[in-house]
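kindly return the folded structure for what I paste below:
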Amino acid sequence: MERDYTLFPEDENGNTLWEMQQDGDQLDEEREIDFSVVFPSDDQALQFALILLRHGQRVSFGPCEDEEFPWQVEVHANMAPSHENISEFERLLAEDAEPLEGRNDGWGCFAVA
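The predicted structure follows:
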């Protein structure tokens with residue numbers, strides 16, 4: 001199958017989604033996707049987690065192995081893994097994390113065959 005660059009643009013998200021599709025993942029199936037956002041301090045991470053909780057998001061919080069950003073908030077969102085959905089959600093997370101010196105650190109989900 002030839003890659004459709006309108007569905008799978010040539011960027012990190014597009015490449016990951018293309019690989020998932022090539023492996024047989026049913027990308028039209030909604031599932032929980034975990035987005036990681038990292039912070040330089042636990043206080044900043046907790047403030048971010050509270051913002052998300054107030055917006056009805058499910059989150060988890062804890063340390064991570066990054067020396068510069070040793071605290072992580074994982075956001076557990078249900079959606080179909082499309083480039084548009086993932087990129088837009090990452091944009092929204094970055095918008096809320098930036099004032100707290102946080103940055104997106106990737107996403108992951110289980111495959112649906």
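
so which strand or helix has the residue nearest in space to the middle of the chain?
Centrality entry for the chain: nearest residue to the mean C-alpha point is residue 35, 2.7 Å, by Cα atoms, centre = their mean. Assigned by DSSP states H and E, residue 35 belongs to strand 31-39.

so which bits of that strand are buried?
For strand 31-39, a neighbour-count test (16 or more other Cβ atoms under 10 Å) marks 31, 33, 35, 36, 37, 38, 39 as buried. (Glycine included, C-beta is placed from N, CA and C.)

C-terminal to it, what's the next element?
Following strand 31-39 in sequence, per DSSP H and E, is helix 42-54.

give the pairing partners of the helix or strand that that following helix is followed by; include direction for each.
Next helix or strand after helix 42-54 toward the C-terminus (DSSP H and E): strand 58-63. When pairing is defined by DSSP bridges, strand 58-63 lines up against strand 71-79 (antiparallel).

what angle sits between the next helix or strand after the strand it pairs with and strand 71-79?
Next along the chain after strand 71-79, taking DSSP H and E as the criterion, comes helix 83-97. For helix 83-97 against strand 71-79, the angle by axes from the mean of the first three to the mean of the last three Cα atoms, to 10 degrees is 140 degrees.

helix 83-97 packs against which elements?
Under the contact criterion of 3 or more Cβ pairs under 8 Å, 6 or more residues apart in numbering; DSSP states H and E, helix 83-97 touches helix 12-22, strand 31-39, helix 42-54, strand 71-79, strand 103-109.
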